[in-house]
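>>> Structure for this input, please:
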Amino acid sequence: MVSAWLLGALLPAVAADGQWLAWEGTAREPQSQEVLYAEQHWLRVRDGMPIERLVLYRCPEGGAFARKHVDYRPSRIAPAFALEDARSGYREGLSYDADGTARVFFRASANTAAKSAALSAEALVADAGFDEFIRLHWDRLLAGEPLTLAFAVPARRTSYRFTTRYVADSADDAGLATFRLRLYGPLKWLAPAIEVSYRRDSRQLVRFRGLANLRDERGEQVQAWIDFPEPARRSSPRAAAMASASPLLACNRAVAVSSAGQRPRADTPSAAQVQ
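Okay, the predicted model is just below:
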């Protein structure tokens, strides 16, 4: 048995300053409500500001098959991030050059070459930075003002203009506020909208409806309903380090696109990209 001291020595270095928070979500197929996968989030905050995030994606049987690291230090709304899916070798993310240039990268599988492209950092929103975008503009959105943003889409190696707006309070929970994100202008008909619901008191995401950033065995984005029923709880650097070191394995069964067999349009912002 590995001693606690040795286990600690083998774990990757994870910053201890600030406070670590953790929460979990379950992704289901919209029609059948079959469990597709689970998400586990660890977030380090300092003085109320996000510093870094780690996300583990787990198969229904429990093993982790994908992981994402997010670094908010370059930008709160366009953080650096890297997502890796061990099932296919799929990889995507955003990094910053030494001169501050934002650069998206994408690899379809372990057998294909990675590609990258520089993006304008002006009004850029990326991945979990959308969650921060909602919080930063909370009052303006609730007042009914639609806001336009440039959302980074690594698989397309570009960004697209999107509009987000407040839709309504949740019909089944008066404590939730719902927002809709969709492509700007005529392009809005080319991809389905994404809806996200937040607790009004804590501004924490509790419900997502739309395309997830994970792929099925055909490389298509998965349509999912993802719920985060419990508030974030206090965690520890050790828990985050263990999640960072957790081995990634393939699931025993493939993740389905939908019970009806419909294939959603690929490469649009998605669940783990908005929180």
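
>>> Could you use CA atoms for every contact and neighbour count after this?
Will do.

>>> okay, now the closest residue to residue 111 other than its chain neighbours: neighbour count?
Closest residue to residue 111 apart from its sequence neighbours, by C-alpha to C-alpha, 6 or more residues apart in numbering: residue 89 at 7.8 Å. Look at residue 89: counted by other C-alpha atoms under 10 Å, it has 14 neighbours.

>>> same question, residue 147
16.

>>> And for residue 231?
Neighbour count for residue 231, taken as other C-alpha under 10 Å: 15.

>>> so what's it scoring on pLDDT?
At residue 231, the model reports a pLDDT of 94.

>>> isn't it right up against residue 23?
Yes - under the criterion of C-alpha atoms under 8 Å, residue 231 makes contact with residue 23 at 6.7 Å.

>>> Could I get the full set of strands for the stretch 151-275 of the chain?
In the stretch 151-275 of the chain, the strands defined using DSSP state E, counting those that start in this stretch lie at 158-170, 173-183, 194-199, 205-215, 221-227, 233-234.

>>> Which one of the ones you listed lies nearest to residue 249?
strand 205-215 (14.6 Å; C-alpha to C-alpha).

>>> Okay, angle between the closest one and strand 221-227 too, please.
Orientation of strand 205-215 against strand 221-227 (axes from the mean of the first three to the mean of the last three C-alpha atoms, to 10 degrees) gives an angle of 160 degrees.

>>> Double-check that residue 132 belongs to a strand.
No - under DSSP: H, G, I helix; E, B strand; the rest coil, residue 132 falls outside any strand and is assigned helix.

>>> my guess is it contacts residue 78, does it?
No - taking contacts as C-alpha under 8 Å, residue 132 lies outside contact range of residue 78: 9.2 Å.

>>> More neighbours: these two, which one.
Between residue 132 and residue 78, counted using other C-alpha under 10 Å, residue 78 has the larger neighbour count: 28 against 21.

>>> and the more buried one, that's in a helix?
No - in this structure, residue 78 is coil, not part of a helix, as judged by three-state DSSP.

>>> give me every residue that touches it.
Residue 78 makes contact with 72, 124, 125, 126, 127, 128, 129, 130 under the criterion C-alpha atoms under 8 Å, 6 or more residues apart in numbering.

>>> now do residue 77
Residues in contact with residue 77 (C-alpha under 8 Å, 6+ apart) are 124, 125, 126, 128, 129, 130, 131, 132, 133.
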